[in-house]
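**Q** what follows is a predicted protein model with its sequence.
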Amino acid sequence: MPVVVVESPAKAKTINKYLGDDYTVLASFGHVRDLPPKDGSVDPDEDFAMKWEVASESKKHLKAIRDALANDDSLILATDPDREGEAISWHLLESLAPALKKGKPVSRVTFNAITKAAVTEAMANPREIDRDLVDAYLARRALDYLVGFNLSPVLWRKLPGAKSAGRVQSVTLRLIVEREMEIEAFKPREYWSVHARLATPSGDEYEATLVSLAGDKLDRFDIPTAEKARLALSAIDARDLVVTSVASKPASRNPWPPFMTSTLQQEASRKLGMGARACMSTAQRLYEAGLITYMRTDGIDMAPEAVMSARDVIKARFGENYLPKSPRMYKNKAKNAQEAHECIRPTDMSLSPDKLRISEKDQRALYDLIWKRTLASQMEAARMERTTVEIGSADGQVGLRANGQVMLFDGFLAVYDQGRDDDDGEDSARLPLIHQGEPAKKIAAFATEEGVLVDGHGTSAARQHFTQPPARYTEATLVKRMEELGIGRPSTYASIVTTIQDRDYVRKDKNRLIPEDKGRLVTAFLVKYFPRYVSYDFTANMETELDDISSGNRAYREVLRRFWRDFSEALSGTTDLRIGEVLTAIDEALAPHLYPPRTDGGDPRECPLCHQGRLHLKTARSGGAFIGCGRYPECRYTRPLSAPGDGEATGDRVLGIDNDDEISLKNGRFGPYVQRGEPTEEAPKPPRASIPKGWDPATLDLERAVALLSLPRAVGPHPEDGELVEAGIGRYGPFVKHGSKYANLPDVEEVFTIGMNRAVEVLAAKPMRGRAAAAAPLKELGEHPEGGKISVMNGRYGPYVKWEKINATLPRDVEPADLTQEQALELISAKAAKSPKKAAAKKPAAKKASAKTAEGKPAAKAKKPAAKTTVKKTAAKKPAAKKAPSDAPAEE
């Protein structure tokens, strides 16, 4: 019986279903070997010999495969059909070699979809392991190791707090950092657009935009101020307008090609809010379930049988009009045919999303996206009519234009349209029937508001605009840019984007990627000292060379030798660098960004606090960076690394030094906080304090941070007993404390200023809380039929009914004094129905509370204490385990 090995249990389960009992299908659980994370795993002196190590968790999986091979006659490696899959098969073969008897056949099979037909065909056409694909993997793995394990130590020594560098991750980080610098250096430019509300002779209204003034065509920035906008409004208001031309022309939109990895990630981000990793994980599960084709691909071509199947579905669902006369063919733009596969598509086009038997919401949503995109790619183009109307004055001084579009046939848009970051604006508006030569009557339709100027009659308006900086990257737009530059490949996009976030070089805020200070410094260091290895062209060319290896056109050791010769020289050039030199060099390199010209013409590096010192780049042991005054400790001015004046914090930063400790501002899981020093073996948890609500982290300075870290603050001994009174900030806000008595303060600022008189006054107004002092009920309603008192209590959020451990909130229109027992029982029953576990937990207690039956007679067999005790103990354990929810407030 042949042994078939795949990567995952889910894939094994699906394939086993197709192959039946004649095969043993086992999972390797991904890679079984890797380079150990230590020096010497790749040895350039031994012609780049690699030392592999079997992962501890993989040993049991390899043993299971060896055990199966002891009784079976052949090994079939059925891992994924890309470089990574080929590498896993090669590692398996190398690891299992001792267990393979001489002459035992080993074959490699691949399939682009896990369907019965695809798996059966693959089994009928086995091949050997593709050595070229393995060599491409070995080259990529060796390059990544050589860069990571040689460049990262340089960062650790020369740039405190830096974690690691990577061949592709560092280039990707550079993209994000440079985009952020573009945003910070951006200067918005003002411009105005002018519009008029017009009507046809029949009264149908439409809007037109001013396109020429005083006989000259207007460009975007030709009306730069409000004054010029008012002149334009006056020109329109003073003239009668007429339609000078109406032009209509047909237009069409062709469907988008089916998905490949990068476009799937982009659309999943736009439409489903999925990050790159989440998208690929979800797609992996769909693939392993046999629902879609392989999801790591840069191909957009579709198998002929899939095209015909899609056409059949289109015809059945939408009719002949939506079906092109011939199938649509999409050209594969991938640079390397061995890396590319078929597009990402459903394995069965007739399986629409509504027929899908999947409970996972993300999987259903992603399948819906893939199914619609695939179907749309084979549908007829959308057809529309675009109309342009020109309106002008008799003297030619004013010219306006109205654009509109009418959809004649929706075509593929009936199923799917790709998401976009912008809209069609006026071109998507629908125009009424307009004839050349007819008057264009001005209609009062505009009102003055912020950023809008209106003429005296309200018939025309000028709108203020400002140019916008380039948008920060999302994971999807970053992948798109990487693809455009030729950086990375489908199998690496998600891991690269994830790695730079895991290294704390980048953080994600509202789905946008923002570089941390560490990321900025690492990028500046690498651009300064290793410019070639973080250049976009060099990285893209290296990817091309790896593609050449996988296609058999280049030897992988030749690529490694050439790379290492130049890279090792660059490394040796940093040996004698000192940290001070590095900081000075980075400070100078970033100077245009860190110290932009001042509006008053003064020295950009002049300290704005003391006006004597000069500003310099400084780093913390944590890896954070900040700008500080060179006159420290006389002047303690600091600011974030981001350009001055942008008003936005850039993540972790050092605020200054206090008693030889760095005081840092950091971002944590629960928000920003300040910290004294860094964790050490002696003090793994350094003093920390959360930033109070209402405080802006961007403006926090050293003095305020030290005050926070000094809490609780001693106010002084209490005048009555001499016990210390303290002020601090706790879970429930600012407070003063005397012994075990706490009293809330209305304002955080009072914590730092409150004196003894005020503290005694606040404490006196707060009654002592004690465990024995139970709140008195507002009203007693008697006994519950199952035992136990029913009471009306006053809660934090209003009155509620209490019975045993069930608390039911009173409706707003019911006064506690008016509540009857019948109403209370109804509320308790309704509450118990919503919390069946609580209700069930009460039954043993109810039986214990009453020793009589419903008729009031003594319970039978009351003289068996041993048996009864055993039953009660067993029943009581379960309610005890559910005790935590019962502490929730009744008012919920």
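**A** Here it is on my side, so go on. Numbering: from 1, shown residues only.
**Q** could you pull out the strands for the stretch 351-500 of the chain?
**A** Counting by DSSP state E, counting those that start in this stretch, one finds strands in the stretch 351-500 of the chain at the ranges 382-393, 398-409, 439-442, 452-454, 460-466.
**Q** same question for the shortest one, mean pLDDT?
**A** For strand 452-454, the mean pLDDT works out to 94.
**Q** can you check the pLDDT for residue 423?
**A** Here the pLDDT value assigned to residue 423 is 46.
**Q** kindly report the same for residue 17.
**A** 89.
**Q** using PDB, write down the CA coordinates of the host helix or strand of it.
**A** Assigned by DSSP states H and E, residue 17 falls within helix 9-19. Coordinates of the C-alpha atoms in helix 9-19 are reproduced here as PDB (Å, rounded to 0.1, in the frame of the first residue of the first chain):
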ATOM      1  CA  PRO A   9      -4.000  16.900   8.200                       C
ATOM      2  CA  ALA A  10      -6.800  18.800   6.500                       C
ATOM      3  CA  LYS A  11      -5.300  18.200   3.100                       C
ATOM      4  CA  ALA A  12      -4.600  14.600   4.100                       C
ATOM      5  CA  LYS A  13      -8.200  14.000   5.100                       C
ATOM      6  CA  THR A  14      -9.500  15.400   1.700                       C
ATOM      7  CA  ILE A  15      -7.100  13.400  -0.400                       C
ATOM      8  CA  ASN A  16      -7.700  10.200   1.600                       C
ATOM      9  CA  LYS A  17     -11.400  10.600   0.800                       C
ATOM     10  CA  TYR A  18     -10.500  10.500  -3.000                       C
ATOM     11  CA  LEU A  19      -7.900   7.800  -2.900                       C
END
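**Q** can you pull the buried residues of that helix?
**A** 10, 11, 12, 14, 15, 16, 18, 19 (16 or more other C-beta atoms under 10 Å). All C-beta spots, glycine's among them, are computed from the backbone N, C-alpha and C.
**Q** pull the most distant pair out of the residues you listed.
**A** 10 and 19 (15.2 Å; C-beta to C-beta).
**Q** tell me what the helix or strand hosting residue 546 is packed against?
**A** Per DSSP H and E: residue 546 is located in helix 536-550. Contact analysis of helix 536-550 by 3 or more C-beta pairs under 8 Å, 6 or more residues apart in numbering; DSSP states H and E lists helix 131-158, helix 475-485, helix 556-572 as its packing neighbours.
**Q** one step back: just the closest of the buried residues of helix 9-19 to residue 657, please.
**A** Distances from residue 657 to these, taken by C-beta to C-beta, are shortest for residue 10, at 54.2 Å.
**Q** contacts only, for the closest one.
**A** 285, 288, 289 (C-beta atoms under 8 Å, 6 or more residues apart in numbering).
**Q** for it, give its distance to residue 686.
**A** Using C-beta to C-beta, to the nearest Å, residue 10 is found at 44 Å from residue 686.
**Q** quick check: chain neighbours aside, which residue is closest to the residue nearest to the spatial centre of the chain?
**A** By C-alpha atoms, centre = their mean, the chain has its centre lying nearest to residue 511, at 4.4 Å. Closest residue in space to residue 511, ignoring its immediate chain neighbours: residue 474 at 5.3 Å, by C-beta to C-beta, 6 or more residues apart in numbering.
**Q** now the stretch 301-450 of the chain, which segments are flagged as low pLDDT?
**A** The model of the stretch 301-450 of the chain has pLDDT under 70 over residues 332-340, 419-428.
**Q** what about the helices in it?
**A** Assigned by DSSP state H, counting those that start in this stretch, the stretch 301-450 of the chain shows helices spanning 304-318, 361-376.
**Q** who are the packing partners of the last one?
**A** Contacts of helix 361-376 with other secondary structure elements, assessed using 3+ C-beta pairs under 8 Å, 6+ apart, are made with helix 261-272, helix 276-288, helix 304-318.
**Q** nearest to residue 145, out of those?
**A** Per C-beta to C-beta, nearest to residue 145 of those: helix 276-288, 22.6 Å.
**Q** then the closest one to CSV, C-alphas only?
**A** The C-alpha coordinates for helix 276-288 follow below in CSV (Å, rounded to 0.1, in the frame of the first residue of the first chain):
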residue,chain,number,x,y,z
ALA,A,276,-2.5,39.4,4.2
ARG,A,277,-1.9,36.6,6.8
ALA,A,278,-5.6,36.2,7.6
CYS,A,279,-6.4,36.1,3.9
MET,A,280,-3.9,33.4,3.1
SER,A,281,-4.8,31.3,6.1
THR,A,282,-8.4,31.4,5.1
ALA,A,283,-7.6,30.6,1.5
GLN,A,284,-5.4,27.7,2.6
ARG,A,285,-8.3,26.1,4.4
LEU,A,286,-10.5,26.5,1.4
TYR,A,287,-7.8,24.9,-0.8
GLU,A,288,-7.3,22.0,1.6
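**Q** which strands and helices sit next to that helix?
**A** helix 9-19, helix 261-272, helix 361-376, helix 475-485, helix 493-502.
**Q** which ones are touching residue 736?
**A** 715, 725, 726, 727, 742, 743, 745, 754, 759, 762, 763.
**Q** what about it, which helix or strand?
**A** Here residue 736 is assigned to strand 733-738, by DSSP H and E.
**Q** ok, that strand: who's next to it in the sheet?
**A** Looking at strand 733-738 with DSSP bridges, its partner strands are strand 724-730 (antiparallel), strand 741-744 (antiparallel).
**Q** dump the C-alpha coordinates for the longest one into CSV.
**A** Same thing as strand 724-730. C-alpha atoms of strand 724-730 as CSV (Å, rounded to 0.1, in the frame of the first residue of the first chain):
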residue,chain,number,x,y,z
LEU,A,724,-0.6,58.5,56.1
VAL,A,725,-3.0,60.0,53.5
GLU,A,726,-2.1,59.3,49.9
ALA,A,727,-3.3,60.4,46.5
GLY,A,728,-3.1,58.2,43.4
ILE,A,729,-4.7,56.9,40.2
GLY,A,730,-6.4,53.5,40.3
